[in-house]
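Participant: Need a 3D model of the following:
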Amino acid sequence: MIIRFGYVSHAITLWEASPAKTLTFTRYKAMEEKERMERLLIATSLNLKNTIRMLHYNIAHDIEVYRFSSSLVPLATHPEVRWDFVTPFKKEWKEIGTLVKKHKLRSSFHPSAFTLFTSPRQEVTANAIIDMDYHYRMFEAMGLEKEGTLNIHIGGAYGEKETTILRFHENLKQLPSHIKKVMTLENDDKTYNSDETLLACQKEDIPFAFDYHHHLANPGEEPLEDLLPKAFKTWERTGIRPKIHISSPRSEQAYRAHADYIDADYIAPLLKILREINVNVDLMIEAKLKDQALLALVDELSKIRGVKRIRGAALQWK
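Facilitator: Sure thing, here's the model as predicted:
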C-alpha cells in the first residue's frame, strides 16, 4: 500500500506566499473605474505567482497532492463584478497546468461552505452553480478540467434531513453535467454523516471524499472497515485513487476545530484499516500548519517498522 500526502493551498514555509490576496467589494466600490481593474489584476497576479511558487516547492519536496486556493481570483463571482480573469493571465494559468501535468501532481479545489444544493431558495442554488462554474473555469484555464476535482459538502439539513436530501438530488440536476463529472462529496462534522454521504454519492455516481475527523465527530452506523471499501468503489470510474481528508481536533473542548499538526495516534486506527484493505490512497492534510504538518507527519510515520519513505511525501506499507 502506498499513501501520498497533500496539503491545502498555502505553503506557510515560504515567505509572503499567500495565494488568497483579496479585495473586498466595499473597497472595490469606493475606487474609480480604472483603479478597480488595476487592483483586481494586481491581486490575481500575486495569487497566481504565489501558486506557481508553491508548485515548485511541492515539486522540490515530492509533494504530489495539492489543493488550490478558492480565492485565487478576487470578486470573481460577485454579481456586480464577474470579470474576465482568464484572458489577462493566460500565460500564468497555462504555466500552472503545465507544472501539474509534467510532474503528475494531483490537484483539487474545495468551494466554500456556501456552495450547496440543499437550500429551498433557488437563488442559493443559482449561486452554487455560479461558484462551481468559477472553479471549473479555473481548471479549464489550466487545462486540468479532465483531471482536477471540485469537492463540496451536501449542505445543511434545514431541520428536515430526509426531505432536504431529496431536494439536494433535485437541485443538483441544475448543475451542468461537465461540472458534476468532476465533483466529489465530503461527509460533514455536524449534518450528513458518512453513511448518508456515501448513499448520495452512490445515487449520483459521485466519488466520496471521506473525512476521518468529521466521521469521528459525526459518526454513521456502518463500521469503518465496511464503509471505506464502498467509498473507494465510488472512485473507480474516475481512474483516480481515492482521497481521504485527515486532521486532528484542536482540543476536547474544540473537537471540530483543526489542530496545528496531525496527531499520529489519532489517525492510527484509520491507517490500520487502510493497511488491511491494502489500497493505494491519497491523504489530504487539513492542519493549521499545512505543509509543515505534512512533512512532520510523514517523517514520524516513516519511523514505524514496516513503513518505507519512498518519496518526500509518500510512504509504502509493507
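
Participant: in the stretch 201-318 of the chain, which segments are predicted with low confidence?
Facilitator: Within the stretch 201-318 of the chain, not a single segment meets pLDDT under 70.

Participant: 90 instead, please
Facilitator: Along the stretch 201-318 of the chain, the model assigns pLDDT under 90 to residues 318.

Participant: can you give me the helices in it?
Facilitator: Taking DSSP state H, counting those that start in this stretch, the helices of the stretch 201-318 of the chain run over residues 212-217, 224-233, 264-277, 290-301.

Participant: so what secondary structure elements neighbour the first one?
Facilitator: Packing contacts for helix 212-217, counted by 3 or more C-beta pairs under 8 Å, 6 or more residues apart in numbering; DSSP states H and E, involve strand 243-246. Any C-beta I mention is one placed from the backbone N, CA and C, and that applies to glycine too.

Participant: Let me see the contact set for the nearest residue to residue 241 once chain neighbours are set aside.
Facilitator: Once flanking residues are discounted, residue 241 sits nearest to residue 280: 5.1 Å by C-beta to C-beta, 6 or more residues apart in numbering. With contact set as C-beta atoms under 8 Å, 6 or more residues apart in numbering, residue 280 has these partners: 1-3, 241.

Participant: what about the strands in the stretch 101-250 of the chain?
Facilitator: Along the stretch 101-250 of the chain, counting by DSSP state E, counting those that start in this stretch, strands occupy 106-109, 149-153, 183-186, 208-211, 243-246.

Participant: Can you name every helix or strand that the last one contacts?
Facilitator: Applying 3+ C-beta pairs under 8 Å, 6+ apart, one finds that strand 243-246 contacts strand 208-211, helix 212-217, helix 264-277, strand 281-285.

Participant: Adjacent strands (with direction) for that strand?
Facilitator: Sheet partners assigned to strand 243-246 using DSSP bridges are listed as strand 208-211 (parallel), strand 281-285 (parallel).

Participant: repeat for the longest one
Facilitator: Each strand that pairs with strand 149-153, with its direction, by DSSP bridges: strand 106-109 (parallel), strand 183-186 (parallel).

Participant: Give me the contact list for it.
Facilitator: Outside strand 149-153, the residues that reach it (C-beta under 8 Å, 6+ apart) are 108-111, 113, 115-116, 132, 135-136, 139, 179, 182-188, 191-192, 207, 209, 238, 240, 243.

Participant: redo that, cut-off 6 Å
Facilitator: 108-111, 115, 135, 182-184, 186, 188, 209 (C-beta atoms under 6 Å, 6 or more residues apart in numbering).
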